[in-house]
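Engineer: My questions concern the predicted model and sequence given below.
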Amino acid sequence: MFLVTGATGTVGREVVAELLRLGLPVRALTRDPARADLPEGVEVVAGDVAEPSTLGPALDGVTAAHLINFAGDGYAPLETGAEIVAMAGRAGVRRVTVLGGRAEGTLEQALADSDIEWTLLNPVEFMANTLQWWAASVRAEGAVREPFGDRVSSLVHEADIGAVAATVLAKGGYAGRTLVLTGPEAITTAEKVRTLGAAIGRDVRFVELGEDEARAMWRGHGMTDDLIGFLLDALGNTPIEGRTVSPAVEEVTGRPARPFAQWAAENAAAFRPDPSC
């Protein structure tokens with residue numbers, strides 16, 4: 001049995017899908033099974049990684065698990081890592097992957113001290129973030145407004161993250177490693193806008209904002225000053241890992257990482273205006 005925590009999230013759903021594609025039995029952990037909307041054949045169980053007392057039934061009979069290291073909708077750092085690892089060890093879990101693994105996390109530290117085979121997965125910018133940030137403005141006015149048009153990102157397809165996690169869980173071979181997961185190319189924000197426009201068959205304007213303009217726009221969207229500061233730093237000072245292509249996806253899965261053009265084509269409908277409007 002393969003357990004997927006965070007199973008209804010952007011990456012969790014892809015891990016579930018890939019494990020099913022491999023013909024493996026999947027158990028999905030979610031705080032609200034009634035709203036999970038997962039494929040037929042998945043065993044959906046209630047539980048919360050922030051409350052280890054709820055995890056007993058989910059871990060029963062599990063040999064490998066995909067774990068998240070954050071809690072709740074606010075993505076707060078997980079504080080219950082030691083309890084989770086102890087329970088997993090007693091249940092017979094032999095191998096885990098950790099999404100967004102960081103050496104100082106309670107979960108990662110507990111795994112390092114355990115007999116469980118672990119692999120940390122560190123994806124860079126998700127291609128799926130484009131939906132959250134750009135879809136509304138592209139639908140409404142055919143435009144993207146952001147600072148730092150020449151920012152370079154090696155953004156990764158969420159399905160590739162899921163494929164790596166599932167392959168590692170199923171086959172092993174990456175014990176004790178941290179895998180940085182990227183797409184096959186590093187592209188600028190302006191290039192990303194052009195690629196999206198080609199996918200939806202519509203010219204999409206890129207309006208490059210100054211930092212003060214970006215602050216004002218994001219405040220208008222209800223963002224806090226702390227979040228705005230984080231975004232400006234992340235976009236304006238993308239770390240080298242976020243703009244360098246890693247071979248990890250192909251190394252693990254045996255096929256090249258998906259480019260942004262493929263993601264844009266798959267999700268084009270979400271960026272096109274509603275013809276009924």
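Structural biologist: Everything's here; your move.

Engineer: Name the residues that touch the lengthiest strand in the chain?
Structural biologist: In the chain, assigned by DSSP state E, the strand with the most residues is strand 117-123. Here strand 117-123 makes contact (CB atoms under 8 Å, 6 or more residues apart in numbering) with 11, 94-102, 108, 111-112, 156, 161, 164-165, 168, 172, 174-182, 241. Backbone N, C-alpha and C define where each C-beta goes, glycine included.

Engineer: Surely T238 and S154 touch.
Structural biologist: No: T238 is not in contact with S154 according to CB atoms under 8 Å; the separation is 9.3 Å.

Engineer: higher neighbour count, those two?
Structural biologist: S154 (24 against 19; other CB atoms under 10 Å).

Engineer: surely the more buried one meets G242?
Structural biologist: Yes: between S154 and G242 a contact is recorded at 6.5 Å, counting by CB under 8 Å.

Engineer: any common contacting residues for these two?
Structural biologist: Common neighbours of S154 and G242 (CB under 8 Å, 6+ apart) are 124-125.

Engineer: returning to that earlier point: show me what secondary structure element comes after the longest strand of the chain.
Structural biologist: helix 129-141 (DSSP states H and E).

Engineer: List the buried residues for that next one?
Structural biologist: 130-131, 134, 137-139 (16 or more other CB atoms under 10 Å).

Engineer: who touches that helix?
Structural biologist: So helix 129-141 is contacted by 143-146, 155, 192, 196, 200, 204, 263-264, 267, 270-274 (CB under 8 Å, 6+ apart).

Engineer: I'd like the average pLDDT over it.
Structural biologist: Mean per-residue pLDDT for helix 129-141: 93.

Engineer: With just CA atoms, put that helix into CSV.
Structural biologist: Output of helix 129-141 as CSV, limited to C-alpha atoms (Å, rounded to 0.1, in the frame of the first residue of the first chain):
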residue,chain,number,x,y,z
ASN,A,129,1.2,28.8,-10.3
THR,A,130,0.5,30.4,-13.6
LEU,A,131,-3.1,29.6,-13.2
GLN,A,132,-3.3,31.3,-9.8
TRP,A,133,-1.4,34.4,-10.9
TRP,A,134,-2.3,35.0,-14.5
ALA,A,135,-5.5,33.3,-15.5
ALA,A,136,-7.9,36.0,-14.4
SER,A,137,-6.1,38.9,-16.1
VAL,A,138,-5.5,37.0,-19.3
ARG,A,139,-9.1,36.0,-19.5
ALA,A,140,-10.4,39.5,-18.8
GLU,A,141,-8.0,41.7,-20.7
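
Engineer: and the next element down the chain from that helix?
Structural biologist: strand 143-147.

Engineer: In that following strand, which of the residues would be classed as buried?
Structural biologist: 144-147.

Engineer: Greatest separation within the residues you listed: which pair is it?
Structural biologist: V144 and P147 (11.2 Å; CB to CB).

Engineer: My guess is G92 contacts A65. True?
Structural biologist: No: the pair G92 / A65 is not scored as a contact, 10.8 Å apart, by CB under 8 Å.

Engineer: Please identify which of those two sits among more neighbours.
Structural biologist: Higher neighbour count among G92 and A65: A65, with 25 against 11, using other CB under 10 Å.

Engineer: Quick check: chain neighbours aside, which residue is closest to the more buried one?
Structural biologist: Take A65 and drop its neighbours on the chain: the residue closest to it by CB to CB, 6 or more residues apart in numbering is L3, 4.1 Å away.

Engineer: Confirm that the one you found sits in a strand.
Structural biologist: Yes: assessed by DSSP: H, G, I helix; E, B strand; the rest coil, L3 belongs to a strand.
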